[in-house]
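[1] Sequence isn't available, so here's the structure alone:
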């Protein structure tokens, strides 16, 4: 805690000012965490002072602070590019990383417990401009690290190995991403009473409803496991569909839903060593695949869209999502899935340009619906396809 306060003062996070008469400062709290390495050993004890921004009210003391969030698609794309280009990926631990957020309005905060200030004074939070620097020259990278260390209290952790619970292994053939320790911890918390494994995360042709089965007395464990599986999906695309289905029942669940959830855990137990691979001998061309299940939800008859995108031989993006409207034709559901992945590909092409990767060639988009492909290439103007013209035009 003393180190945290010292770091906040060193980076000039706040100014000590007189308490304005018309301002109600927000409070703060201490958050404690034990950080472990990928093998489970203790790394360090961590204390963070967190402002309770939820106490602000829009129009009176609302600010637009955004905490930095690592987009996992960006991380996977960067690793794929680094793997092919032979870049080494370094990892830096920036203490008080939230200072990269930008405050566009004045925010007043009460002092933390144990931090004494004169009576009638409060803290005015400041901001630090964010900085993004890219480069692949080793001397320039060392220069950037040195300059960052002058501004922030930070540690150079060397080559990337463990990031947000994700294990990164650099091999001569490429990079591997896995969450084996995360899966093992999840299995321990779930307290499965058997050691069975299954070959698939969900049975075929399962159509679940909120009213199926007897209600579960305590839904806490179900919700906790589902939330953990959502994060696990950043390296395990093979559970994406099953987790999407079961996450729809967190507010109204039954023993039947819980049994299907345990099946996913048994599948993970049998495939705990599976990893994502980013090969070095690969091209840097995007290829996208999409599919849809037509009217598959028995409750509202909405369809599911799903896609995956490869950068050469590296899988970098995937998603399963329920469509926002009911599709009257199977081809319509497939066209919505096409538009869904087209938006992702557009964003990825911009991202690759930021990484210095040429994206001058078209990106192939593969679908198994011949009718949807024909409509996307040359839309037929009649009443059956007129209402889906927006998705068709966007995909084209």
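    Yep, that arrived. Note that the coordinates shown come from a computational prediction; the quantities given were computed from them, not determined experimentally. Numbering: from 1, shown residues only.
[2] hang on, isn't residue 30 packed against residue 112?
    Yes: taking C-beta atoms under 8 Å as the contact criterion, residue 30 and residue 112 are neighbours in contact, 7.0 Å apart. The way it works is simple: take the backbone N, C-alpha and C, and place the C-beta from them, glycine included.
[3] Quick check on the two: which one has the bigger neighbour count.
    Using other C-beta atoms under 10 Å, the more surrounded residue of residue 30 and residue 112 is residue 112, with 19 against 13.
[4] Now that we're looking at that one, what pLDDT does it have?
    Residue 112 carries a pLDDT value of 82.
[5] In a helix, residue 185, correct?
    Yes: note on residue 185: a helix contains this position according to DSSP: H, G, I helix; E, B strand; the rest coil.
[6] neighbours around it, how many?
    Residue 185 sits with 15 neighbouring residues when counted by other C-beta under 10 Å.
[7] before we move on, back to that, pull up the overlap in contacts between residue 30 and residue 112.
    The overlap between the contact sets of residue 30 and residue 112 (C-beta atoms under 8 Å, 6 or more residues apart in numbering) consists of residue 49.
[8] May I see the buried residues of the one helix or strand residue 32 maps to?
    When secondary structure is defined by DSSP states H and E, residue 32 falls within strand 28-36. Buried positions in strand 28-36, judged by neighbour count with 16 or more other C-beta atoms under 10 Å: residue 28.
[9] avg pLDDT for it?
    Mean pLDDT, strand 28-36: 88.
[10] so what secondary structure elements neighbour the lengthiest helix in the chain?
    Taking residue count as the measure and DSSP state H as the definition, the longest helix of the chain comes out as helix 330-354. Secondary structure elements in contact with helix 330-354, counted by 3 or more C-beta pairs under 8 Å, 6 or more residues apart in numbering; DSSP states H and E, are helix 72-85, strand 286-293, strand 304-311, strand 314-322, strand 365-366, helix 370-377, helix 389-395.
[11] Which one of the ones you listed lies nearest to residue 227?
    helix 72-85 (15.7 Å; C-beta to C-beta).
[12] buried ones in that closest one?
    By neighbour count with 16+ other C-beta under 10 Å, helix 72-85 contains the buried residues 72-84.
[13] For those, give me TSV that also has pLDDT.
    As requested, the buried residues of helix 72-85 are exported to TSV (pLDDT from 0 to 100):
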residue	pLDDT
72	77
73	84
74	84
75	82
76	86
77	88
78	84
79	85
80	89
81	87
82	84
83	86
84	84
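[14] As TSV, these with distance to residue 106 would be great.
    Below are these laid out as TSV (distance: C-beta to C-beta, whole Å):
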residue	distance to residue 106
72	34
73	35
74	32
75	34
76	38
77	37
78	36
79	40
80	42
81	41
82	41
83	45
84	47
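[15] For residue 211, state which of those is nearest.
    For residue 211, the closest of those turns out to be residue 72, at 34.5 Å, with distances computed as C-beta to C-beta.
[16] so where's the protein uncertain?
    Scanning the chain for pLDDT under 70 picks out 57-71, 95-103, 126-136, 379-387.
[17] Tell me where it has helices.
    2-10, 72-85, 138-151, 180-190, 220-232, 240-246, 255-270, 330-354, 370-377, 383-386, 389-395.
[18] Compute the inter-axis angle for the second one and strand 286-293.
    Helix 72-85 runs at 140 degrees relative to strand 286-293, counting by axes from the mean of the first three to the mean of the last three C-alpha atoms, to 10 degrees.
[19] Next: the longest one.
    With the same axes, to 10 degrees defining the directions, helix 330-354 sits at 150 degrees from strand 286-293.
[20] That's all I had, so thanks and see you.
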